[in-house]
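**Q** Mind folding the following:
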Amino acid sequence: MITAGTRLGRYEIRSKIGEGGMGEVYLAQDTKLDRKVALKILPAEFREDSERVARFLREAQAASGLNHPNICTIHEINDESDLTFIAMEYIDGKMLAEKIKGDRFDLAQTLDIALQITDALAEAHARGIVHRDIKPSNIMVNGRGQIKILDFGLAKKTVAESEAETQQFLSQAGTILGTASYMSPEQARGQALDARTDVWSFGVVLYEMVTGERPFVGETTSDLLAAILKNEPEDVCKFNNEIPAELGRIVLKMLRKARDERFKNAKDLYADLKELQKHLEVAAARGVTMWPGAAHGFSVGVQAVVEARNSIAVLPFTNMSADAQNEYFCDGLAEELLNALAKIKDLKVAARTSAFS
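**A** From the prediction side, this is the model:
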């Protein structure tokens, strides 16, 4: 353990604030920029292990390429002295794991947190990066309710390298990377991974947030992995009759065994969560009750809200002129109208494909 007052270059250690498989984390003061930072330091006994060093450096490289308000910022990496460490943004807050144990999230908080996490993952997925270790202890919540995703130590570039290369680079014999409770079926089997494994892992986190329980349990790691591979999770609405059925549908879709049946990436998941949030906000503004306690209560409530909203569809335009070259104006005019109408608050605009079908 490094004592308070120790200087590591421009950083002065204040206190130890955490520890994980990838190293110890210390609060430090950046004496040049006069700011608090978190230093993740690779333990001395691991510095001779080339694989651990590679994984450690990999975290900094993966995260430093992402610029998003819900992803922890990497300031610097040092691997040239006796100590190998990453200097990163210091986040004054709590792990989501702590909040799940101690707090009861209301629906608005749950959706706000879920949307922040999903937006951050969407940014990573858009850049070809899969986190592969999403879990409550890798997610922090600061005092303003802002989310920060940590620890890209298992992240990989989906395009840059094959899964076989990644497993050879990252895995020890008999070791499965990631935390077992949040592993996707394909991760548990050691198969190739893509963005849908993060969707699954976050599905487990979201399930835990809304129910207080994990969807898959086992007395041993083997039992747990067997449950992930074979058992179906209970409907979240059975744990809490205030949970909208639509949220239950989203969570269960995230936890489909066959990844082709899940959301294909975090962007698609974000769209469904955002639509749910909008429906709830409209319902609250109009004083619509969501029928808690009924398995399909939210579906009925949302239907009532949707029917009550002003809505419009733009139908295809027909070229009535004798000049066939004007045909392209038809689609262009409809598209312009759709885009303009979509900007009007509280107006539901039918999707172009729906209106044209």
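
**Q** The nearest residue to Ala126 once chain neighbours are set aside and Lys253, how far apart?
**A** Closest residue to Ala126 in three dimensions, ignoring its sequence neighbours and counting by Cβ to Cβ, 6 or more residues apart in numbering: Lys267, at 7.2 Å. Just so you know, the C-beta spots here come from the backbone N, C-alpha and C atoms, and that holds for glycine as well. Taking Cβ to Cβ, to the nearest Å as the criterion, Lys267 is separated from Lys253 by 15 Å.

**Q** so what does the helix or strand where the residue nearest to Ala126 lies touch, helix or strand wise?
**A** Taking DSSP states H and E as the definition, one finds Lys267 inside helix 266-286. In terms of contacts (3 or more Cβ pairs under 8 Å, 6 or more residues apart in numbering; DSSP states H and E), helix 266-286 is packed against helix 107-126, helix 195-211, helix 245-254, helix 297-308.

**Q** Can you report how many residues lie near Leu27?
**A** Neighbour count of Leu27, defined by other Cβ atoms under 10 Å: 17.

**Q** That one contacts Ile91, doesn't it?
**A** No: here Leu27 does not reach Ile91: they are 10.6 Å apart, not a contact under Cβ atoms under 8 Å.

**Q** what touches both of those two?
**A** Between them, Leu27 and Ile91 have Ala38 as joint contacts when contacts are counted by Cβ atoms under 8 Å, 6 or more residues apart in numbering.

**Q** mind checking which of the helices and strands packed on helix 266-286 is nearest Ile77?
**A** Closest to Ile77 of the helices and strands packed on helix 266-286 is helix 107-126 (Cβ to Cβ; 18.7 Å).

**Q** tilt between that closest one and helix 266-286?
**A** For helix 107-126 against helix 266-286, the angle by axes from the mean of the first three to the mean of the last three Cα atoms, to 10 degrees is 160 degrees.

**Q** for helix 107-126, what is the average pLDDT?
**A** Averaging pLDDT along helix 107-126 gives 95.

**Q** Return the per-residue confidence for the residue nearest to Glu234 when sequence neighbours are not counted.
**A** Using Cβ to Cβ, 6+ apart and skipping residues adjacent in sequence, the residue nearest Glu234 is Pro215, 7.2 Å away. Here, the pLDDT recorded for Pro215 equals 96.

**Q** residues near Pro215, how many?
**A** The criterion is other Cβ under 10 Å. On that basis, Pro215 has 21 neighbouring residues.

**Q** Contacts only, for the closest residue to Met183 other than its chain neighbours.
**A** By the measure of Cβ to Cβ, 6+ apart, the closest residue to Met183 outside its immediate chain neighbours is Ile228, 6.2 Å from it. By Cβ under 8 Å, 6+ apart, the residues touching Ile228 are 180, 183-185, 188, 216.

**Q** List just the nearest of those residues to Leu121.
**A** Within these, proximity to Leu121 (Cβ to Cβ) peaks at Ser184, which comes in at 13.6 Å.

**Q** I figured the closest one hits Phe202, correct?
**A** No: Ser184 lies out of contact with Phe202 (Cβ under 8 Å); the separation is 10.3 Å.

**Q** Give the rounded mean pLDDT of the lengthiest strand in the chain.
**A** The strand that spans the most residues within the chain, counting by DSSP state E, is strand 11-20. In this model, strand 11-20 has a mean pLDDT of 90.

**Q** Now do the closest residue to Val25 other than its chain neighbours: how many residues are near it, please.
**A** For Val25, the nearest residue in space outside its immediate sequence neighbours is Gly18; the separation is 3.9 Å by Cβ to Cβ, 6+ apart. A count of nearby residues for Gly18, using other Cβ under 10 Å, gives 14.

**Q** so how far is His279 from Gly18?
**A** The gap separating Gly18 from His279 is 38 Å, by Cβ to Cβ.

**Q** Same check on Asn142?
**A** Noted for Asn142: a distance of 28 Å to His279, by Cβ to Cβ.

**Q** Could you do Gln109 as well?
**A** Distance from Gln109 to His279, counting by Cβ to Cβ: 17 Å.

**Q** neighbour count winner among these two?
**A** A direct count of neighbours by other Cβ under 10 Å for Gln109 and His279 places His279 higher, at 21 against 15.

**Q** Per-residue pLDDT of the more buried one, please?
**A** At His279 the predicted local confidence, pLDDT, stands at 90.

**Q** swap in the one 4 residues further on?
**A** We have a pLDDT of 82 for Ala283.

**Q** re earlier: same list, the helices and strands packed on helix 266-286, but as JSON lines with distance to Asp34 please.
**A** As requested, these are exported to JSON lines (distance: least, Cβ to Cβ, whole Å):
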{"stretch": "helix 107-126", "distance to Asp34": "28"}
{"stretch": "helix 195-211", "distance to Asp34": "35"}
{"stretch": "helix 245-254", "distance to Asp34": "43"}
{"stretch": "helix 297-308", "distance to Asp34": "50"}
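
**Q** Need the winner for burial among these.
**A** Compared across these, helix 195-211 shows the largest average neighbour count, a mean of 24 (mean count of other Cβ atoms under 10 Å).

**Q** got the CA coordinates for that helix in PDB?
**A** Taking Å, rounded to 0.1, in the frame of the first residue of the first chain, the C-alpha atoms of helix 195-211 are listed here in PDB:
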ATOM      1  CA  ALA A 195     -22.300  -5.100 -28.700                       C
ATOM      2  CA  ARG A 196     -25.100  -7.400 -27.700                       C
ATOM      3  CA  THR A 197     -23.100  -8.800 -24.800                       C
ATOM      4  CA  ASP A 198     -23.100  -5.400 -23.200                       C
ATOM      5  CA  VAL A 199     -26.900  -5.200 -23.800                       C
ATOM      6  CA  TRP A 200     -27.200  -8.500 -21.900                       C
ATOM      7  CA  SER A 201     -25.000  -7.400 -19.000                       C
ATOM      8  CA  PHE A 202     -26.800  -4.100 -18.600                       C
ATOM      9  CA  GLY A 203     -30.000  -6.100 -18.700                       C
ATOM     10  CA  VAL A 204     -28.900  -7.900 -15.600                       C
ATOM     11  CA  VAL A 205     -28.000  -4.600 -13.900                       C
ATOM     12  CA  LEU A 206     -31.300  -3.000 -14.900                       C
ATOM     13  CA  TYR A 207     -33.200  -6.100 -13.600                       C
ATOM     14  CA  GLU A 208     -31.400  -5.800 -10.300                       C
ATOM     15  CA  MET A 209     -32.200  -2.100 -10.100                       C
ATOM     16  CA  VAL A 210     -35.900  -2.500 -10.500                       C
ATOM     17  CA  THR A 211     -36.400  -5.700  -8.500                       C
END
